[in-house]
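Participant: fold the following.
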Amino acid sequence: MAKSEERNTRRPPRIATLTLNPAVDVSYEVHTLEPDRKSHALSTRFDPGGNGINVARGLQALGVAAHSCCFIGGRVGLLLKDLLGQELHHSHWVQVPGETRINATVLQQEPRAQFEVTGNGPLVGPVHLDDITELFLRLAGGGFAVITGSTPPGVPAGYYADLVRRASAQGARVVADLNGPQLAEVLDEKPFLVKPNLYELEQHCGRPIGSMEAAAAEALRLNETGVANVCVSLGAAGALLASRGRCLHASAPPIEVRSTVGAGDSTVAGLVAALAAGRSPEEALALGVACGSGTAAKPGTAIFDWPQVEALMSAVEISECAPGG
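Facilitator: Residues are numbered from 1 along each chain as shown. Sure, this is the predicted structure:
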């Protein structure tokens, strides 16, 4: 990660990310959106998108090698392939019929607001799904297998749970950043790390969570079931990490939020980078929050850079969070 850190003589674990529903992310910054009137962009960005791809982008920004696996389809897929080649050293893809989706983000300056429209991915058949599954498992090996994001049409229910099972069986530490029914089904397979946000944790619990202490209690319950690390992102309130039977809280550094696209994926990247390097839970949480905050301070679909994260880490405070509520 940081060039000033001591070199670890052991070989770093392999890391692979999976993005079943990638996208070309287009972001526009405008002054004001007005109904039924044309809005001219002040700036425009094109980035490779999809949660797993964003995690791989974050890992590369931290100087950590990672393999990114995704589907590509059609002419939009060719653009995605080109964007991946510009940003990632180790990108892998399986070609499918149909068109890769386009996601659009509009950042309005006055009044400040963010609008997002996500596209639909192409239909994925069983042969192509088998191909990318085998590719991902081979590249992850016994290292870290990062599973995150939505699934395109054609992916059967229970796919992620089966993938967590298979990856764990070959010795990989599975990182699952999922929501709703997908999160519920993979929890039974005891992944190494999950990262719900507060809303996703409430969905899982089936009730509102009214305090940080209550969120800590829920995170620790998941930790006690066999999920080794449970990180709950809290937006401007920072994040929690339940690990080894205790819960830590990291404050969020003060930033001007410009776009939240990719912030959660950047948090995952920081957590994985630190844990893969054998860092402590405190160090992993601090790096994860700094990375997520760094991306939130960037425009559109841009992600953090290392000098920015290095500066933000000094403003992250780690403390114990006792469960309650």
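Participant: where does the protein have low pLDDT?
Facilitator: For the chain, the stretches with pLDDT under 70 are 1-10, 325.
Participant: before we move on, what SS does the most centrally placed residue in it have?
Facilitator: Central residue of the chain (Cα atoms, centre = their mean): residue 265, 2.3 Å from the mean position. Secondary structure, DSSP: H, G, I helix; E, B strand; the rest coil: residue 265 is helix.
Participant: just checking, it touches residue 58?
Facilitator: Yes: with contact defined as Cβ atoms under 8 Å, residue 265 reaches residue 58; the gap is 6.3 Å. Bear in mind the C-beta positions are built from the backbone N, C-alpha and C, glycine included.
Participant: just to revisit the earlier point, who's the closest spatial neighbour of the residue nearest to the centre of the chain, skipping the chain neighbours?
Facilitator: residue 54 (3.5 Å; Cβ to Cβ, 6 or more residues apart in numbering).
Participant: hang on, that neighbour packs against residue 260?
Facilitator: No: look at residue 54 against residue 260 with Cβ under 8 Å: they stay out of range, at 12.0 Å.
Participant: what about the two, which has more around it?
Facilitator: Counting neighbours by other Cβ atoms under 10 Å for residue 54 and for residue 260 shows that residue 54 has the greater number, 30 against 14.
Participant: check contacts around the more buried one.
Facilitator: Applying Cβ atoms under 8 Å, 6 or more residues apart in numbering, we find residue 54 in contact with 262, 265, 266, 269, 303.
Participant: the third one - how many residues pack around it?
Facilitator: Same thing as residue 266. Neighbour number of residue 266 under other Cβ under 10 Å is 30.
Participant: which ones are touching it?
Facilitator: Counting by Cβ under 8 Å, 6+ apart, residue 266 has contacts 54, 55, 58, 291, 292, 294, 295, 303, 304.
Participant: one more time with 7 Å, if that's ok
Facilitator: Listed by Cβ atoms under 7 Å, 6 or more residues apart in numbering, the contact set of residue 266 reads 54, 58, 291, 292, 294, 295, 303, 304.
Participant: widest-spaced pair of those residues?
Facilitator: Using Cβ to Cβ, the two most remote members of the contacts of residue 266 are 54 and 294, lying 12.8 Å apart.
Participant: so the residue nearest to residue 265, which state does it fall into?
Facilitator: Relying on three-state DSSP, one would call residue 54 helix.
Participant: how many neighbours does residue 112 have?
Facilitator: Neighbourhood size, residue 112 [other Cβ under 10 Å]: 10.
Participant: how close does it get to residue 30?
Facilitator: The gap separating residue 112 from residue 30 is 11 Å, by Cβ to Cβ, to the nearest Å.
Participant: just residue 223 next, same as before
Facilitator: Relative to residue 30, and taking Cβ to Cβ, residue 223 is found at 43 Å.
Participant: so how far does stretch 99-117 reach from one end to the other?
Facilitator: Taking Cα to Cα, to the nearest Å, stretch 99-117 runs 16 Å from one end to the other.
Participant: show me what that stretch is in contact with.
Facilitator: Contacts of stretch 99-117 (Cβ under 7 Å, 6+ apart): 21-33, 49, 72-77, 80, 118-122, 258-261, 299-301.
Participant: just the ones in strands from those, please.
Facilitator: Among the contacts of stretch 99-117, the ones falling in strands (DSSP state E) are 23, 24, 25, 26, 27, 28, 29, 30, 49, 72.
Participant: quick one, helices of the chain?
Facilitator: 51-61, 74-87, 126-140, 159-169, 180-187, 198-205, 212-224, 263-276, 281-296, 306-313 (DSSP state H).
Participant: now do the first one: distance to the chain's middle.
Facilitator: Relative to the mean C-alpha coordinate of its chain, helix 51-61 is positioned 8 Å out (Cα atoms, centre = their mean, to the nearest Å).
Participant: please save the CA atoms from that helix in CSV.
Facilitator: Written as CSV, here are the backbone C-alpha positions of helix 51-61 (Å, rounded to 0.1, in the frame of the first residue of the first chain):
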residue,chain,number,x,y,z
ASN,A,51,-18.9,-3.2,-7.9
GLY,A,52,-16.1,-5.8,-8.4
ILE,A,53,-14.4,-3.7,-11.0
ASN,A,54,-14.5,-0.7,-8.7
VAL,A,55,-12.9,-2.9,-5.9
ALA,A,56,-10.2,-3.9,-8.3
ARG,A,57,-9.6,-0.2,-9.3
GLY,A,58,-9.3,0.6,-5.6
LEU,A,59,-6.8,-2.2,-5.0
GLN,A,60,-4.7,-1.0,-7.9
ALA,A,61,-4.7,2.5,-6.5
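Participant: now it: buried residues?
Facilitator: 51, 52, 53, 54, 55, 56, 57, 58, 59, 60, 61 (16 or more other Cβ atoms under 10 Å).
Participant: kindly report the same for the fourth one.
Facilitator: Applying a neighbour-count criterion of 16+ other Cβ under 10 Å, the buried positions in helix 159-169 are 159, 160, 161, 163, 164, 165, 166, 167, 168.
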